[in-house]
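K.L.:
how does the following fold in three dimensions:
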Amino acid sequence: MKKLALIATCLLSTWAMTVNAVTEPVDYVNPLVGSQSKHSLSTGNTYPAIALPWGMNFWTAQTGTMGDGWAYTYDADKIRGFKQTHQPSPWINDYGQFSIMPVTGKAVFDQDERASWFSHKAEVVKPYYYKVYLADHDVVTELAPTSRAALFRFTFPENKESYVVVDAFDNGSYIKVIPEENKIIGYTTKNNGGVPENFKNYFVVVFDKPFTYKATATNGKIETGKLESKENHVGGIIGFSTRRGEQVHARIASSFISFEQAEQNLKELGSRSLEEVAADGRREWNDILGRIEVEDTDKDKLRTFYSCLYRSVLFPRSFYELDAQGNAVHYSPYNGEVLPGYMFTDTGFWDTFRCLFPFLNLMYPSMNEKMQEGLVNAYKESGFLPEWASPGHRGCMVGNNSASIVADAYLKGLRGYDVETLWEAVNKDANSVHPQVPSTGRLGYEYYNKLGYVPYNVGINESAARTLEYAFDDWSIYKLGQALGKSKKELAIFAKRAMNYKNLFDPEHKLMRGKNEDGNFQSPFNPLKWGDAFTEGNSWHYTWSVFHDPQGLIDLMGGKAAFNEMMDSVFILPPVFDESYYGSVIHEIREMQIMNMGNYAHGNQPIQHMIYLYNYSGEPWKAQYWIREVMDRMYNANPDGYCGDEDNGQTSAWYVFSAMGFYPVCPGTDEYVLGTPYFKQMKLNLENGNTIIINAPENSDGNRYIDALTVNGNRRTQNYLNHSELLKGAVIDIKMAKQPNTQRGVNASDFPYSFSNELKK
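P.N.:
Got it, this is the predicted structure:
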């Protein structure tokens with residue numbers, strides 16, 4: 001009988017791999033993509049996020065030590081626990097974190113003592129389900145998440161001493177074991193910034209087996225029979241004897257609000273089994289991923305595409321909870337109060353304004369409407385819009401790109417939130433800087449407003465990058481104000497400042513260059529120097545950051561031929577660099593160096609739109625060539641699948657958009673700039689019920705060039721598609737060819753939007 005029971009258990013535990021014989025979108029996803037990373041070289045710097053789309057809590061197996069930003073790395077061979085995480089990247093690190101770990105043999109708490117060897121061959125990783133065999137303890141661990149809760153199942157061996165450790169981590173934590181309820185509660189305050197003083201992540205863990213062993217651990221010391229502890233680093237250990245194959249379940253939920261709200265969040269699990277929770281998670285993932293249907297015979301490309309799509313809908317994470325009446329409430333990471341309404345976090349707009357948020361506006365606009373309401377709340381609670389939030393304001397990166405996030409959403413038709421408050425916010429942020437977090441608002445705004453640029457020699461690092469991004473942000477505010485019917489007088493200053501990028505153009509080098517307060521360019525000038533006047537890149541990377549006015553940049557360079565020659569030079573240059581600003585070779589430099597694509601640095605964001613600029617200068621076939629090169633050579637569905645940091649969906653969304661065959665070079669316009677479709681057919685199922693079908697039947701590795709294109713049967717020579725037209729539903733037929741069509745898309749009437757052209761009208 002025991003043998004039959006064990007067979008039944010084994011059959012159930014393989015359920016996740018065989019639940020559906022039909023391949024669905026989520027079946028192509030590999031959450032391990034990007035996890036073969038380290039401090040010196042990023043192939044994504046991701047961890048396998050076991051979660052729901054935009055979920056509040058993620059879970060991951062923890063191979064790293066407590067506090068290590070590299071929580072899970074593919075090359076590791078031991079697991080220390082299963083961690084609830086809110087980490088957006090290893091560089092920002094984590095908050096609201098604790099872990100759970102089954103052990104056998106003796107009660108241990110130390111993270112190294114309890115660690116167990118594991119193998120990827122005994123690991124199942126799905127977005128909605130995780131399973132692994134812990135060899136040292138002879139325990140199989142499984143988990144299935146909801147947005148704010150998770151169900152764990154531990155399959156134990158025959159053992160009189162089986163335990164589960166709950167580690168609340170260091171930097172201030174609390175634990176209480178409640179045997180009469182088979183429960184452990186606690187909170188963690190461990191974070192890496194961006195939280196008010198009263199920050200806590202409250203958690204509740206409910207088991208379905210009575211405890212025969214009870215202990216707490218305080219700063220490494222296990223105290224048997226002690227049921228409560230509050231110190232720098234505490235945890236709880238419970239134990240019982242187990243039969244071979246016995247399954248013990250742990251229902252877990254957490255809250256940033258209170259223990260009571262954590263109990264409310266636990267209700268997300270209901271009375272469902274692990275199979276049912278996983279099946280419901282699978283359905284939710286298929287609903288979200290299935291908004292884009294892809295037809296192709298190349299399974300590797302399908303795996304890469306849907307793995308990127310999975311990463312594109314994880315962040316920004318929900319930071320709100322639902323009260324007993326189902327109303328959205330949130331703990332404010334800005335002022336520490338519990339307030340009504342939505343809140344989202346864990347995204348850096350310097351990365352994600354470029355195409356992640358435009359992607360949401362196209363495919364998941366109702367989610368971004370909630371996010372816009374969250375921005376309203378963030379402004380009301382802190383006096384600023386976030387630029388990098390995790391969970392509150394964090395000091396990271398440059399720019400005032402919240403303006404683009406706000407403008408693009410409204411200009412793409414999103415409604416139902418207080419846009420007038422956001423208008424107030426973008427105006428305020430354009431003319432102020434956060435008193436404690438200088439990356440929020442505009443550092444150097446006084447100089448920028450007076451001189452038209454942030455000077456190189458006034459003690460503000462990365463001044464040229466700031467200037468270029470502020471100019472685009474001013475254009476974004478200008479366009480938003482136009483849509484809101486603001487006065488010409490009110491908008492004139494933003495239209496003027498949108499041209500400030502010209503102040504940094506050095507005609508001698510035909511590149512952007514830092515400029516001193518006296519109006520002279522910085523000297524000496526090395527265009528290959530990373531950092532300094534620029535952010536995680538050099539002048540060859542940042543010169544193209546004129547999203548709103550490529551024509552103006554073309555004019556500065558002396559016309560289309562000169563512009564194309566400079567673009568070509570990015571790829572012709574060897575991967576040489578000057579790292580002296582940093583004092584060592586940072587991982588972004590190394591990733592450019594090893595990719596064999598010259599000085600093109602796709603592993604970081606500033607240059608990711610550059611290839612598409614050939615569409616503005618009469619050589620769109622070069623965009624088609626290089627886009628295909630990047631997609632083929634720099635992305636795959638393996639643990640080393642990215643060519644740099646994945647960055648909260650931005651690098652993934654670039655791939656998703658590029659696979660469609662178009663890209664939002666300038667968020668805030670109505671246009672997507674053409675690239676080259678990657679699949680034979682894609683179907684975009686829009687929220688409004690309409691469908692976009694992209695047909696490219698001759699598409700292949702050899703056929704990468706667009707020979708002809710029609711929209712709803714009408715021939716198009718333009719190098720762009722209109723958002724407003726696509727929303728009505730469209731059939732896009734693309735004839736692909738092995739050789740470029742050098743006659744298509746070469747006239748000025750074919751080029752996408754540039755602000756200079758608008759001003760001439």
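K.L.:
drop to CA atoms for contacts and neighbour counts, all remaining ones
P.N.:
Fine.
K.L.:
buried ones in the helix or strand where residue 590 lies?
P.N.:
Element membership for residue 590, per DSSP states H and E: helix 587-593. Buried residues in helix 587-593, defined by neighbour count with 16 or more other CA atoms under 10 Å: 587, 588, 589, 590, 591, 592, 593.
K.L.:
go through these and name the one nearest residue 306.
P.N.:
Minimum distance to residue 306 across these is 23.5 Å, recorded for residue 591 (CA to CA).
K.L.:
contacts only, for the closest one.
P.N.:
Going by CA atoms under 8 Å, 6 or more residues apart in numbering, residue 591 touches 41, 42, 601, 603, 643, 644.
K.L.:
please apply the same query to residue 133.
P.N.:
By CA under 8 Å, 6+ apart, the residues touching residue 133 are 118, 119, 122, 123, 139, 140, 141.
K.L.:
and which of those is nearest residue 86?
P.N.:
Nearest to residue 86 among the contacts of residue 133 is residue 141, at 20.9 Å by CA to CA.
K.L.:
mind listing the strands for the stretch 101-250 of the chain?
P.N.:
Along the stretch 101-250 of the chain, counting by DSSP state E, counting those that start in this stretch, strands occupy 116-117, 123-126, 129-134, 139-145, 149-155, 159-167, 173-178, 183-188, 201-207, 213-218, 221-224, 228-231, 234-242, 247-255.
K.L.:
got TSV for the ones you listed, with mean pLDDT and distance to residue 699 too?
P.N.:
Shown next, in TSV, are the strands of the stretch 101-250 of the chain (pLDDT from 0 to 100; distance: least, CA to CA, whole Å):
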stretch	mean pLDDT	distance to residue 699
strand 116-117	98	45
strand 123-126	98	30
strand 129-134	98	35
strand 139-145	98	38
strand 149-155	98	42
strand 159-167	97	52
strand 173-178	98	56
strand 183-188	98	52
strand 201-207	98	50
strand 213-218	98	60
strand 221-224	97	63
strand 228-231	98	61
strand 234-242	98	56
strand 247-255	98	47
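K.L.:
so which of those gets nearest residue 567?
P.N.:
strand 123-126 (40.5 Å).
K.L.:
got the CA positions of that closest one in PDB?
P.N.:
Coordinates of each C-alpha in strand 123-126 appear next as PDB, following Å, rounded to 0.1, in the frame of the first residue of the first chain:
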ATOM      1  CA  GLU A 123      14.500  21.100 -11.000                       C
ATOM      2  CA  VAL A 124      11.200  22.200 -12.700                       C
ATOM      3  CA  VAL A 125      10.900  25.900 -13.300                       C
ATOM      4  CA  LYS A 126       7.700  27.400 -14.600                       C
END
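K.L.:
among the contacts of residue 133, name the buried ones.
P.N.:
118, 123, 139, 140, 141.
K.L.:
mind putting the residues you listed in TSV, distance to residue 563 included?
P.N.:
Listed next are the buried ones among the contacts of residue 133 as TSV, based on distance: CA to CA, whole Å:
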residue	distance to residue 563
118	53
123	50
139	61
140	59
141	57
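K.L.:
between those residues, which sits nearest residue 464?
P.N.:
Of these, the one sitting nearest to residue 464 (CA to CA) turns out to be residue 123, at 47.0 Å.
K.L.:
which residues touch that closest one?
P.N.:
130, 131, 132, 133.
K.L.:
gap between it and residue 72?
P.N.:
For residue 123, the distance to residue 72 equals 13 Å [CA to CA, to the nearest Å].
K.L.:
can you check residue 29 too?
P.N.:
18 Å.
K.L.:
low-scoring pLDDT stretches of the stretch 351-500 of the chain, where are they?
P.N.:
For the stretch 351-500 of the chain, no stretch has pLDDT under 70.
K.L.:
is the residue nearest to the spatial centre of the chain in a helix, a strand, or coil?
P.N.:
With distances taken as CA atoms, centre = their mean, residue 648 lies nearest the centre of the chain, 1.2 Å away. Recorded secondary structure, residue 648: coil (DSSP: H, G, I helix; E, B strand; the rest coil).
K.L.:
what's the closest non-adjacent residue to residue 191?
P.N.:
residue 95 (4.1 Å; CA to CA, 6 or more residues apart in numbering).
K.L.:
what do you get for residue 614?
P.N.:
residue 620 (5.1 Å).
K.L.:
these two touch, right, that neighbour and residue 717?
P.N.:
No - assessed by CA atoms under 8 Å, residue 620 is found out of contact with residue 717, at 10.8 Å.
K.L.:
can you give me the neighbour number for residue 28?
P.N.:
20 (other CA atoms under 10 Å).
K.L.:
any idea which helix is longest in the protein?
P.N.:
helix 463-483 (DSSP state H).
K.L.:
across the sheet, point out what pairs with residue 116.
P.N.:
residue 79 (DSSP bridges).
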